[in-house]
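Visitor: Requesting a structural model of the entry that follows:
(2 chains)
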2 protein chains.
Amino acid sequence: MIGVVRALVRRECHSEGVAEESSNPQFGRPFASLRVTAVVPSRLEISGRPRAPETVRGFVYTFFTWRQQGQRRAMSRFTQRLEQASTETKSLVCVGLDPDPTRMPVDSVYEFNQAIVDATAGIVCAYKPNLAFYEALGLPGLEDLHKTIAHIRDSTPGAIIIGDAKRGDIGPSAQAYAKALFQVWGFDAVTINAWGGEDTVTPFLEDETKGVFVWCRGSNPGSADFQDVRITTDDGPMALYRNMALACQQWDTKGNLGLVVGATVPEQLKEIRAVCPNMPFLIPGVGAQGGDLEAAVRLGSDSRGRAALINSSRGIIYASSGRDFAQAAAREAEKLRTSINQVLEADDKGWP
Amino acid sequence: MIGVVRALVRRECHSEGVAEESSNPQFGRPFASLRVTAVVPSRLEISGRPRAPETVRGFVYTFFTWRQQGQRRAMSRFTQRLEQASTETKSLVCVGLDPDPTRMPVDSVYEFNQAIVDATAGIVCAYKPNLAFYEALGLPGLEDLHKTIAHIRDSTPGAIIIGDAKRGDIGPSAQAYAKALFQVWGFDAVTINAWGGEDTVTPFLEDETKGVFVWCRGSNPGSADFQDVRITTDDGPMALYRNMALACQQWDTKGNLGLVVGATVPEQLKEIRAVCPNMPFLIPGVGAQGGDLEAAVRLGSDSRGRAALINSSRGIIYASSGRDFAQAAAREAEKLRTSINQVLEADDKGWP
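Guide: Residues are numbered from 1 along each chain as shown, chains lettered A, B, ... in the order given. You can find the predicted model right below:
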């Protein structure tokens, strides 16, 4: 039986370690040992509870990474910062800053963003400008983005700034994008597209103070087209998004990789969280896209009710089309924070 | 038998047309009718020659699109412009303008690009700036890109300018990216990432004067990670890149969609070309990446030896690290054009 576990360990951790007997594993907290039992190779149990092979693999990976580091699994400086930002604001809310001149009640993108940021600082833990909206405005739009980033840094330095760029390209181009997003723009984290595979992802991971969210399962209808296809693997059939989540777990040697998973697909969210129990998840799709908030919080956060960013863009920033847009945004952000925290508290995972 | 063809037609063309008997279909030229024979449903023949179901589907699609339009399959104004650019220069060569300050023999990106463009005009049919390299240089880099585009327009107005951006995002963001790339930057064509499915692709297709190359099968090693996975479909198992090519064919209602397929993977190139006999292909990977040029030309072009852009970036623009970089680039571009044309001529597909 231990042979199966050893094989899992070798495969997942590239280590010769063996799983130790007994003790009670708890998600999200360090544990000294892990009891994995292979009743038959295809039927595995953790602490006597039957679990899917992928879940066991997740446990085993986590266990050995933690043990090797003598602490929680690969908590990078990015994930520490993210956790701190959430704890300080008692908030998992991320605000998407997607300026659309046809919907903004003021002319200046920078003034619009500035007002939103000033009104929501302390209520939300992160801001996520989507680069598409700034690029659509040409160089002046990019200048506004630059000023927006500087303003967030000045006015609420603890907040995480995520460049929603969904970039992805082969080696040298991926390096150039990483440089652009982290060094030129100065984002704390970015979203990327892993369609090009490992060598398109790893250039983004080099600096463990920076977070990288791979677009794993989107919130939009079209995400089903390719992300949900059933594929055949050595481990049997599975959906491609699951395969991508497993690959990301292997690539995440510094603990700064996260996943984008939509709130509109709770089943997939649950499945991916089981595969990646500790990764930070960026969860779009609540608000304008109609995702189920309660499910997003419960299924998307880790076992402690952390490591999740619940994003709302249009639902917050366009809450009012009048001059009170910033106050309305703050009200919506506060409402979202409260709703999320009610779910956490109901599960005994509230803020300290 | 005709029922099978009808089913194919209904499925692929959303039309109730029936395949007509006889006549000799020729790739790349209008044909009046098409003889498809289903010996058994899983064994199809075109004009008596056995063909894979996907190939038949491609033929049938092409046939009905052509017939509906009374001319060649959905030749958009973009593909007309592309064909004209190739014919005028007798060239399938595309030059990747990827400025890297550590390799450029001059300081100014704009001067570097300008010299390359001036030296290669008339030898190549297209230029492809990869946005990553400009973004890595901040706003000044983007200003250089702007000036580069303007210079190409002025000095060689027939050339196609492709924004290698590999963008992809959900609906409203995809619209914003399309606006940025086509209206703000003014590219003739772009590369995009279809990971997010149909609603992330279609916003780019609206203007049939603009080309859209979907990243189908990359030239880099990591592209195997997700693009080559075997998936199960109603049509049986197939690689995901093939599934994506089939989807793109369905989405291409205006004839302005193309595919990016690497020269480093001739088998995949051949397979995808069989599925999409007429689409323009952007083919990276010759030159620095070591792809097989002869295979790329033979397998990547359409039946007439057209509808292909063979891209080389580093192999051309960094041919010399001295002050003669532009002349060296012209020599390499000329060498590439000649090598490509020798393959075309050997197959009796040379330029008129």
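
Visitor: Spatially nearest residue to A:Y318 (excluding sequence neighbours)?
Guide: Of all residues not flanking A:Y318 in the chain, A:R103 sits nearest, at 5.2 Å (Cβ to Cβ, 6 or more residues apart in numbering or on different chains). Any C-beta I mention is one placed from the backbone N, CA and C, and that applies to glycine too.

Visitor: Under the pLDDT cut-off, which ranges of the stretch 51-200 of chain A? List them.
Guide: For the stretch 51-200 of chain A, the stretches flagged by pLDDT under 70 are A:51-74.

Visitor: which parts of it sit against chain B?
Guide: Residues of the stretch 51-200 of chain A lying close to chain B (Cβ under 8 Å from any Cβ of the partner chain) are A:98, A:100, A:130, A:132-133, A:135-139, A:142-143, A:146, A:164, A:166-174, A:176-177, A:179-181, A:184, A:193-200.

Visitor: Now a ChimeraX select for only the buried ones of those residues.
Guide: In ChimeraX, this line selects whichever of these come out buried by 16 or more other Cβ atoms under 10 Å in any protein chain shown:
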select /A:98,100,130,132,133,135,136,137,138,142,146,164,166,167,168,169,170,171,172,173,174,176,177,179,180,181,184,193,194,195,196,197,198,199,200
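
Visitor: can you tell me which of the residues of the stretch 51-200 of chain A next to chain B are in helices?
Guide: Within those, residues falling in helices by DSSP state H are A:132-133, A:135, A:138-139, A:142-143, A:146, A:171-174, A:176-177, A:198-200.

Visitor: what are the ranges of the strands in the stretch 201-350 of chain A?
Guide: In the stretch 201-350 of chain A, the strands defined using DSSP state E, counting those that start in this stretch lie at A:211-217, A:230-233, A:236-239, A:257-261, A:281-283, A:308-312.

Visitor: list the helices and strands the third one packs on?
Guide: Identification of packing neighbours for strand A:236-239 by 3 or more Cβ pairs under 8 Å, 6 or more residues apart in numbering or on different chains; DSSP states H and E yields strand A:230-233.

Visitor: Who are the contact partners of the nearest residue to A:K179 once chain neighbours are set aside?
Guide: Take A:K179 and drop its neighbours on the chain: the residue closest to it by Cβ to Cβ, 6+ apart is B:A136, 4.4 Å away. When contacts are counted by Cβ atoms under 8 Å, 6 or more residues apart in numbering or on different chains, B:A136 touches A:A176, A:Y177, A:K179, A:A180, A:V184.

Visitor: A:A245 now?
Guide: Residues in contact with A:A245 (Cβ under 8 Å, 6+ apart) are A:C216, A:L259, A:I272, A:V275, A:C276.

Visitor: I'd say the third one and A:R217 touch.
Guide: Going back to what we said before, that points to A:I272. Yes: the pair A:I272 / A:R217 is scored as a contact, 6.4 Å apart, by Cβ atoms under 8 Å.

Visitor: Now do the shared contacts for these two.
Guide: Here A:I272 and A:R217 share the contacting residues A:Y241, A:L259, A:V261, scored by Cβ under 8 Å, 6+ apart.

Visitor: show me what contacts the first one?
Guide: With contact taken as Cβ under 8 Å, 6+ apart, A:Y241 is in contact with A:C216, A:R217, A:Q227, A:D228, A:V261, A:Q268, A:I272.

Visitor: The residue nearest to the first one when sequence neighbours are not counted pairs with what?
Guide: Yep, that's A:C216 we're talking about. Nearest residue to A:C216, sequence neighbours excluded (Cβ to Cβ, 6+ apart): A:L259, at 4.3 Å. As for beta bridges, A:L259 partners with A:V214, A:F281 under DSSP bridges.

Visitor: wouldn't A:L259 be in contact with A:G218 here?
Guide: No: between A:L259 and A:G218 there is no contact under Cβ under 8 Å: 11.0 Å.
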